[in-house]
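Participant: when you get a sec, could you give me coordinates for this:
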Amino acid sequence: MKKINYLDTIISPIITEKATNQSELNKVAFKIHKNASKKSIKKSIEKIFKVNVIKINTINKREKYKMVRGKPGKKKGFKKALVTLKKGQSIDLTLGV
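Facilitator: As a prediction, this is how the structure comes out:
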């Protein structure tokens, strides 16, 4: 497997209503590289945001096939990480890194 740079591990934060509600519980959701491991995710988040990570849950969202304007199309799948931070710490996603 090809080694991934820690800046390439995290693609973007996921900002939805559910993810915003989870932020009250010190949890943040990120879209990540499909080959990223939990160890590499933890290292990259700790380096970039300077926080302590307690736990990481990863989810593989599979691609979905749908009809788009009468023709078959598909939504791309991605890998998602739900990161639990140490109590009292948070990541402000509204600021640019």
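Participant: which parts of this protein are helices?
Facilitator: If you assign secondary structure with DSSP state H, the helices in the chain sit at 6-9, 17-22, 38-49.
Participant: pLDDT weak spots in the protein?
Facilitator: For the chain, applying pLDDT under 70 flags the ranges 1-2, 95-97.
Participant: swap the cut-off to 50 and go again
Facilitator: The model of the chain has no residue with pLDDT under 50.
Participant: center of it, which residue is that?
Facilitator: In the chain, the C-alpha nearest the mean C-alpha coordinate belongs to Phe30, at 1.6 Å (Cα atoms, centre = their mean).
Participant: so it sits against Ala19, correct?
Facilitator: No: counting by Cβ atoms under 8 Å, Phe30 sits too far from Ala19 to count as a contact (9.4 Å). For every residue, glycine as well, the C-beta is placed using N, CA and C.
Participant: between the two, what contacts are shared?
Facilitator: Jointly contacting Phe30 and Ala19 under the rule Cβ atoms under 8 Å, 6 or more residues apart in numbering are Pro13.
Participant: wait, what's in contact with Val28?
Facilitator: Listed by Cβ under 8 Å, 6+ apart, the contact partners of Val28 are Pro13, Ala19, Gln22, Leu82, Val83, Leu85, Ser90, Ile91, Leu93.
Participant: now, among the residues you listed, which is nearest to Phe49?
Facilitator: Proximity of these to Phe49 (Cβ to Cβ) peaks at Ile91, which lies at 5.0 Å.
Participant: excluding its backbone neighbours, what's nearest Asn57?
Facilitator: In this structure, Asn57 finds its nearest non-sequential neighbour in Leu82, 4.4 Å apart by Cβ to Cβ, 6 or more residues apart in numbering.
Participant: Ile15 too?
Facilitator: Nearest in space to Ile15, with sequence neighbours left out and distances taken as Cβ to Cβ, 6+ apart, is Leu93 at 6.4 Å.
Participant: and if you look at Tyr6?
Facilitator: Nearest non-adjacent residue to Tyr6 (Cβ to Cβ, 6+ apart): Ser44, at 3.8 Å.
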